[in-house]
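>>> Need the 3D shape of this:
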Amino acid sequence: MSRLFTILMLGGSKRVSMGEQLIRAGRELELDVQIFSHELDRRQPIASIGKVIVGKRYDDEGAIPEINDLIKSIQADVILPFIDPAIKIAGLCKQKYPHLFAPLSPIEVSEKMFDKVEAAKEFERCGLPIPETYSIENLKYPAIFKPRRGSASKGIKVVENEDELKAAKIANPEDYLIQKYIAKREEFTLDCYIGEHDGEIKCVVPRQRIETAGGEVVRTITCRIPQLISLGHKTIEALGLRGAVTLQFIHDKETGEFLLMEINPRLGGGVICSICAGADIAKMILLDALNEPVPKANVWRDGALMTRYFKEVMFFNDGKNR
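Got it, this is the predicted structure:
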């Protein structure tokens, strides 16, 4: 008989495929995985495979006690944040409940990653390669302005000259990370998992971001690039990362350099590609939560292409959905 195993997602929303992978991995480990997801609205796609709990925004002071109560009421075994504001809350819950598993880096490490300016300083301090970084006083063109606390490519401005800078009307340059804009580039994501219990790097899988929509990858392919895998290992070790981590690099096609752009200390939306290619991060999370050995995934399929499509989930006035 399978053991009941409860996973609480924070902001799981559209991560139906990840939920399905966790359920599949649980079945292979003789676990009956049930999914709950804390959301602002019950009408979220994750409701098609789990139960949605409607609650407060993660920046609301009442969110932490609310989620603490939820952990107790559903007897959660694992907590997984899927949006940045939920990461700190998940980390605090992890500290409060020793039995609760959260595949996360230390809170102080994660918080540095939420501020692009501070993250870039930390990357430089650790000797990691990043694009040339400017202040408004030593600005060179072309330059890219990224909101220091932004996400999903929102608010990014590219300026080619002084006239474009004036037209951009950037009132507070200190609110942006300003770097050299690399026009001839390729973008890569590295899906990584580092054991919570042993600190061992279990997988680093690069994949090229071929097509995106609204900051989400919709077409991506795994790429076995030794230099990029090595850089992934170096980054993880330099920053002391743990659990599920997503690294973002760009490849400067003119210089051949791979440059670190940002780190999301959580599961990325395109991680399904790496899981299906052979790096079973879903199963790694469950094994780690059970405090069982987590095997490394050094063997995974190169050139595994993932493309996405829309699928509908219907909600009705009687509270039912299908």
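
>>> hey, which strand is longest across this structure?
Secondary structure of the chain per DSSP state E: the longest strand is strand 201-213.

>>> residues touching Val245, list them.
105, 192-194, 236, 263-266 (CB atoms under 8 Å, 6 or more residues apart in numbering). To be clear about C-beta, it is placed using only N, CA and C from the backbone, and glycine gets the same treatment.

>>> wait, Lys96
Contacts of Lys96 (CB under 8 Å, 6+ apart): Asn68.

>>> what's the distance between it and Lys253?
47 Å (CB to CB, to the nearest Å).

>>> all strands of the stretch 51-200 of the chain, in order?
51-54, 78-81, 133-134, 143-147, 157-159, 176-180, 185-194 (DSSP state E, counting those that start in this stretch).

>>> quick revisit: looking at the contacts of Val245, spot the one nearest Glu66.
Among those, Arg266 lies closest to Glu66 (CB to CB), at 20.1 Å.

>>> what about the closest one, distance to Cys93?
14 Å.

>>> In terms of neighbours, single out the busier of these two.
Arg266 (25 against 22; other CB atoms under 10 Å).

>>> So the more buried one is in contact with Pro85, correct?
No. Judged on CB atoms under 8 Å, Arg266 makes no contact with Pro85 at a distance of 10.9 Å.

>>> coming back round to it: out of the strands of the stretch 51-200 of the chain, nearest to Leu286?
The nearest among the strands of the stretch 51-200 of the chain, by CB to CB, is strand 78-81 at 7.7 Å.

>>> ok, and what's touching that closest one?
Contacts of strand 78-81 (CB under 8 Å, 6+ apart): 5-12, 71, 87, 89-90, 93-94, 100-104, 244, 266-267, 285-286, 289.

>>> again with stretch 17-34
Contacts for stretch 17-34 (CB under 8 Å, 6+ apart): 2-7, 9, 12, 35, 46, 49-51, 82, 267, 271-272, 275, 280, 282-283, 285-287, 290.

>>> Report the mean confidence score over it.
The average pLDDT for stretch 17-34 rounds to 98.

>>> What of stretch 143-163?
87.

>>> end-to-end on it?
13 Å (CA to CA, to the nearest Å).
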